[in-house]
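Here you go, sequence then predicted model.
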Amino acid sequence: MAMIEKNAPTMEKELKLFSIWEVDEVPLPGLTKELWDQIYNFQAKPDDLILATYPKSGTHWMQEILDMIQNDGDVEKCKRDHSLHRHPFLELKFPHKEKPDWVIALEMSSPRLIKTHLPSQMIPPSIWKENCKIVYVARNPKDCLVSYYHFHRMASYLPDPQNLEEFYEKFVLGKVFYGSWFDHVKGWWAAKDTHRILYLFYEDIKKDPKREIEKILKFLEKDISEEILNKIIYHTSFDVMKQNPMANYTTWPTSIMDHSISPFMRKGMPGDWKNYFTVAQNEEFDKDYQNKMAGSTLTFRTEI
Ligand SMILES: Nc1ncnc2c1ncn2[C@@H]1O[C@H](COP(=O)(O)OS(=O)(=O)O)[C@@H](OP(=O)(O)O)[C@H]1O
């Protein structure tokens, strides 16, 4: 919190519209460009835990769950700082931070939790080599699109999405930061056959958080009491996180994130896309989905 308040003027001045640069046709935030070689050569450690997601798939939610697990359900510890400062974002350099996040990661003590939105083919090779455990969260594309659209509306450093129709076109073409949702979820799905990846679905966590958190505990080889498990479920529920200033971005200057346009913790509800897609858009999307996901064993629920 202190860091956000102290750095708010710098953030306001420097967190301008992200420029876009493409690596192998994947649009990435321009902030990543000069640092790409260092990021790609990041040295992972075997006990690093990696949280990988396509944007708007529940990154902050899973970050909070993992932080609570790593801190044995200690809520106060998990409120030690804003989520953006608690764990590094591998590929980003935020203007209000003195160092890029990968350097911050290097200086952190183990076990480290490191977040990334990178597609699997762009992950630093040391993460595979060190056999790090990776939690991947995927969310159905329709809700992901709607959530990403609203995020572009409220975050001034992202391009103005104009309207849902325009954003819809960009999303299906993969012309948004981190590229094609289809390639992202398929790439990580394939990677799980050869790496230690726990592949989870946003909708499943919403439907049965206890069952999904138990899967995570098993993956992390961690035992906790029923009481702590219930505490984690409560603390990481949408309504509680929405009120948590260490998770909801309300401490950020409104010139950077304007929650009156759309809150960061917006709805958190599978099926919200139905309030936005027209019948025609939905039919077109389903056709496109069939083509792009043909042959994949991945299945998504678009409501629960
Ligand atoms: N606890 C909890 N339960 C359910 N849903 C949650 C929770 N926390 C965050 N969210 C919702 O996740 C969406 C944001 O996703 P990300 O954290 O991946 O966003 S980001 O890409 O890192 O900016 C965004 O989804 P939408 O509400 O649909 O916009 C958040 O509201």
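On my side now, so go ahead.

what's the neighbour count on the closest residue in space to Ser237 that isn't next to it in sequence?
Nearest residue to Ser237, sequence neighbours excluded (CB to CB, 6 or more residues apart in numbering): Pro209, at 7.5 Å. Using the backbone N, CA and C atoms, a C-beta is placed for each residue, glycine as well. By the criterion of other CB atoms under 10 Å, Pro209 has 18 neighbours.

which SS class is Leu200?
Judged by DSSP: H, G, I helix; E, B strand; the rest coil, the three-state class of Leu200 is strand.

shouldn't it be in contact with Glu212?
Yes - when contacts are counted by CB atoms under 8 Å, Leu200 is listed as touching Glu212 (6.0 Å).

residues contacting Val176?
Going by CB atoms under 8 Å, 6 or more residues apart in numbering, Val176 touches 27, 55, 148, 167, 170.

so what pLDDT did the nearest residue in space to the fourth one that is not next to it in sequence get?
Think Phe167. Once flanking residues are discounted, Phe167 sits nearest to Pro161: 4.1 Å by CB to CB, 6+ apart. On pLDDT, Pro161 comes in at 96.

Okay, the residue nearest to Ser237 and the ligand: tell me how far apart.
Distance, Pro209 to the ligand, using CB to the nearest ligand atom, to the nearest Å: 9 Å.

I'd say that residue and Ile233 touch.
Yes - counting by CB under 8 Å, Ile233 is a contact partner of Pro209 at 4.9 Å.

quick one, phi/psi of the residue nearest to Ser237?
Phi and psi for Pro209, reported as degrees, to the nearest 10, are phi -60, psi -30.

got it, and Glu64?
Residue torsions, per degrees, to the nearest 10, at Glu64 are phi -70, psi -40.

Out of the contacts of Val176, who's the most crowded?
Counting by other CB under 10 Å, top hit in the contacts of Val176: Tyr148 with 24 neighbours.

what about it, which helix or strand?
In the assignment (DSSP states H and E), Tyr148 maps to helix 141-154.

Now do that helix: which elements does it pack against?
Counting by 3 or more CB pairs under 8 Å, 6 or more residues apart in numbering; DSSP states H and E, the packing neighbours recorded for helix 141-154 are helix 164-173, helix 181-191, helix 279-292.

Quickly note the distance from the residue nearest to Phe167 to the ligand.
On the measure of CB to the nearest ligand atom, Pro161 and the ligand end up 13 Å apart.

Please list all residues in contact with the closest residue to the ligand within the stretch 151-300 of the chain.
Closest to the ligand within the stretch 151-300 of the chain is Gly268: 2.9 Å, counting by CB to the nearest ligand atom. Residues in contact with Gly268, defined by CB under 8 Å, 6+ apart, are 61, 206, 238, 242.

change it to 7 Å
Gly268 makes contacts with Phe238, as judged by CB atoms under 7 Å, 6 or more residues apart in numbering.

and the closest residue to His117 other than its chain neighbours, how many neighbours?
Leaving aside its chain neighbours, His117 sits nearest to Tyr178 (4.8 Å; criterion: CB to CB, 6+ apart). Residue neighbour count, defined by other CB under 10 Å, stands at 23 for Tyr178.

tell me the pLDDT at Tyr178?
Tyr178 carries a pLDDT score of 96 in this model.

I'd guessed it sits against Ser57; true?
No - counting by CB atoms under 7 Å, Tyr178 stays clear of Ser57, with 10.3 Å between them.

excluding its backbone neighbours, what's nearest Lys231?
Leaving aside its sequence neighbours, Lys231 sits nearest to Gly73 (CB to CB, 6+ apart; 4.5 Å).
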